[in-house]
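**Q** Sequence isn't available, so here's the structure alone:
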Ligand SMILES: CC(C)[C@H](C(=O)O)[C@@H](O)C(=O)O
Ligand code: SF4
């Protein structure tokens, strides 16, 4: 019998019941809650006369709707939009009522769900982690089985601590070789999506492996797993290793003492067996990856910074041709235009993809001693959590950004999606470190270009896209 993949192992160790029709019941170790997808779930629970099954499996924070400007220090009353205010208030009320740990709006531990849970050690290797949020795949970076769920499933998990699920297929994305100087985890994942497309991972759990993945920090691995969902896979995974253990050690929710020793021992098995069988295998050479920029309205519409946007006339497939025509029109671009000719209006450095300390350091390295171009209307840096913000301030990164002309904000989802005051105006182009570039994602008519933090900072100071390596001192 062939060995097991990491996904197989995680699945097997959480399987409560397998049914003949292919569906199964799996146990959930960690449930993360935010204000958008939880109100109806709690309401359903209440109507059914039930209570959360295991209170301490839950951790909550508001993120999507919270303003990121200084006025937000005023608390919930400072949220102008009525629906947003109600959602955040409802989350607070629900967590208070059931005694669920919540980092409220102005708690220093508040932030984007996918940033705060790993930061607290609430996401651990070997766990099953769910949240009513598609980017829950982020947590797979720890060798955990993590994916998004819908609101009715949020209610089910709250009530039973279990989830009805179906086993997925196994996909291996192997990235070997050395990443060129100035090329980051974000560029790897954008290049993967450019290669396999947004449906490439459909029905699969993707394990990212290979020397280039092992060489990444935990932050970088989170960036990659975060965007698995944009490659069509609900689950992204990276095997646990010493870096994972090192990252988790000493965090508030991590096991301590003898339990820690036991856990570390158990985590050694969180790798795919050498003879494990994958249904699909994709390989990339890290050395060939260049800084990426998305030009269209889907994350697969992505190119290296030195390329030109496509010419529909050269596309034989009529369906693809139509989508190129439509995307060019929406994005206000002309066929064959150089990526480096795209003029930006706003720059957003943040989101659960790229708002951790390492991302802010990379952006600050570029911003240091430079100025945001006068043609840029706004460039904002939004830390992923209050603790990331505090760390960045301790390192003086806030000063670097402010001196360069960036705004330094309070944590939240911010301009990643138009659910709070940070948004694009129609027609504006934004260099954004987030994960989705769908039509209207950052505001009606807004035009999103997905890039790494260093590339976003470079675009801010240059006004147009530029290969960040041209700005790095001593670049070869
Ligand atoms: C609001 C939420 C349900 C949504 C998601 O599931 O991903 C959001 O976080 C997003 O990124 O689009
Ligand atoms: S930062 Fe963006 S992608 Fe992440 S959870 Fe918030 S809205 Fe979703």
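**A** Now that the structure is in, tell me what you want to look at. Just so we're clear, the structure is a prediction, and the values are computed from it rather than from any experiment. Ligands and ions are numbered 1, 2, ... in the order given.

**Q** Ignoring the adjacent residues along the chain, who's closest to the residue of the stretch 51-200 of the chain found nearest ligand 1?
**A** Across the stretch 51-200 of the chain, no residue is closer to ligand 1 than residue 134, which sits at 3.5 Å (C-beta to the nearest ligand atom). All C-beta atoms are positioned from the backbone trio N, CA, C, and that covers glycine. Excluding the flanking residues, the one nearest residue 134 by C-beta to C-beta, 6 or more residues apart in numbering is residue 148, at 4.0 Å.

**Q** who's in contact with the one you found?
**A** 130-137, 229, 234 (C-beta atoms under 8 Å, 6 or more residues apart in numbering).

**Q** What's the ChimeraX line that selects buried ones from these?
**A** Command for ChimeraX that selects the buried part of the contacts of residue 148, burial taken from 16 or more other C-beta atoms under 10 Å:
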select :130,131,132,133,134,135,136,137,229,234
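
**Q** Report the entries of the contacts of residue 148 that also contact ligand 2.
**A** Among the contacts of residue 148, the residues that sit close to ligand 2 (C-beta under 6 Å from any ligand atom) are 133, 135.

**Q** Tabulate the contacts of residue 148 in a markdown table, adding columns for pLDDT and secondary structure.
**A** Output for those, formatted as a markdown table (pLDDT from 0 to 100; DSSP: H, G, I helix; E, B strand; the rest coil):
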| residue | pLDDT | secondary structure |
| --- | --- | --- |
| 130 | 99 | strand |
| 131 | 98 | strand |
| 132 | 98 | coil |
| 133 | 98 | coil |
| 134 | 98 | helix |
| 135 | 98 | helix |
| 136 | 98 | helix |
| 137 | 98 | helix |
| 229 | 98 | helix |
| 234 | 98 | coil |
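
**Q** Point out the residues in the stretch 301-450 of the chain that sit beside ligand 2.
**A** So far as C-beta under 6 Å from any ligand atom goes, the stretch 301-450 of the chain lies against ligand 2 at 351-352, 413, 416-417, 434-435.

**Q** and those residues near ligand 1, which?
**A** Okay, of those touching ligand 1 (C-beta under 6 Å from any ligand atom), that's residue 417.

**Q** which of the residues of the stretch 301-450 of the chain next to ligand 2 count as buried?
**A** Buried among those by 16+ other C-beta under 10 Å: 351-352, 413, 416-417, 434-435.

**Q** closest to ligand 1 among those residues?
**A** Distances from ligand 1 to these, taken by C-beta to the nearest ligand atom, are shortest for residue 417, at 5.3 Å.

**Q** if I look at the residue nearest to residue 150 when sequence neighbours are not counted, how far off is residue 37?
**A** Using C-beta to C-beta, 6+ apart and skipping residues adjacent in sequence, the residue nearest residue 150 is residue 132, 6.7 Å away. Relative to residue 37, residue 132 is positioned 3 Å away (C-beta to C-beta, to the nearest Å).

**Q** Low-confidence bits of this structure, can you list those?
**A** 473-476 (pLDDT under 70).

**Q** Kindly list the longest strand within it.
**A** Longest strand of the chain, by residue count under DSSP state E: strand 169-176.

**Q** Could you check how far the residue nearest to residue 134 is from residue 384?
**A** To residue 384, residue 148 is 18 Å away according to C-beta to C-beta.

**Q** just residue 315 next, same as before
**A** 38 Å.

**Q** Of those two, give the one with the bigger neighbour count.
**A** residue 384 (32 against 15; other C-beta atoms under 10 Å).

**Q** and which of the contacts of residue 148 is nearest residue 444?
**A** Nearest to residue 444 among the contacts of residue 148, counting by C-beta to C-beta, is residue 134 at 21.2 Å.

**Q** thinking the closest one is in contact with residue 229, fair?
**A** Yes: at 4.8 Å, residue 134 counts as touching residue 229 under the criterion of C-beta atoms under 8 Å.

**Q** Leaving out sequence neighbours, find the closest residue to residue 44.
**A** Residue 44's closest residue in space is residue 155 (C-beta to C-beta, 6+ apart), at 4.3 Å.

**Q** Enumerate every residue touching the one you found.
**A** Contact analysis of residue 155 by C-beta under 8 Å, 6+ apart lists 40-42, 44-45.

**Q** ok, 6 Å please
**A** Applying C-beta atoms under 6 Å, 6 or more residues apart in numbering to residue 155 gives the contacts 41, 44-45.

**Q** Now, of the residues you listed, which are buried?
**A** The buried subset of these - by 16+ other C-beta under 10 Å - is 41, 44-45.

**Q** nearest to residue 392, of those?
**A** Out of these, the member with the shortest distance to residue 392 (by C-beta to C-beta) is residue 41, at 33.6 Å.

**Q** That closest one against residue 152, yeah?
**A** No: with contact defined as C-beta atoms under 6 Å, residue 41 does not reach residue 152; the gap is 7.4 Å.

**Q** need the next SSE after the lengthiest helix in the chain, C-terminal direction.
**A** Looking across the chain with DSSP state H, the single longest helix is helix 82-98. Per DSSP states H and E, the first helix or strand lying C-terminal to helix 82-98 is strand 101-102.

**Q** Give me the residues contacting that next one.
**A** Residues contacting strand 101-102 (C-beta under 6 Å, 6+ apart): 59-60, 95.

**Q** same thing but 7 Å
**A** 58-61, 91-92, 95 (C-beta atoms under 7 Å, 6 or more residues apart in numbering).

**Q** Kindly report the same for stretch 241-252.
**A** 120-121, 124-125, 142-143, 214, 217-218, 254, 264, 267.

**Q** circling back to that earlier point, pretty sure the residue nearest to residue 150 sits against residue 154.
**A** Yes: Residue 132 lies in contact with residue 154 (C-beta atoms under 7 Å); the separation is 4.4 Å.

**Q** among the contacts of strand 101-102, who's most crowded?
**A** residue 61 (30 neighbours).

**Q** surely that one meets residue 103?
**A** Yes: using C-beta under 7 Å, residue 61 is in contact with residue 103, at 4.4 Å.

**Q** Overlap of the contact sets of those two?
**A** Going by C-beta under 7 Å, 6+ apart, residues that sit against residue 61 and also against residue 103 are 110, 116.

**Q** quick revisit: save the buried ones among the contacts of residue 155 as a markdown table, and put in secondary structure too.
**A** A markdown table is the format used below for the buried ones among the contacts of residue 155 (DSSP: H, G, I helix; E, B strand; the rest coil):
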| residue | secondary structure |
| --- | --- |
| 41 | helix |
| 44 | helix |
| 45 | helix |
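
**Q** Could you single out the nearest of those residues to residue 422?
**A** residue 41 (26.4 Å).

**Q** Let me see the contact set for that closest one.
**A** Residue 41 sits next to 151, 154-155, 158 when contact means C-beta under 7 Å, 6+ apart.

**Q** if you set the cut-off to 6 Å instead, what comes out?
**A** Neighbours of residue 41 in contact, by C-beta under 6 Å, 6+ apart: 151, 154-155.
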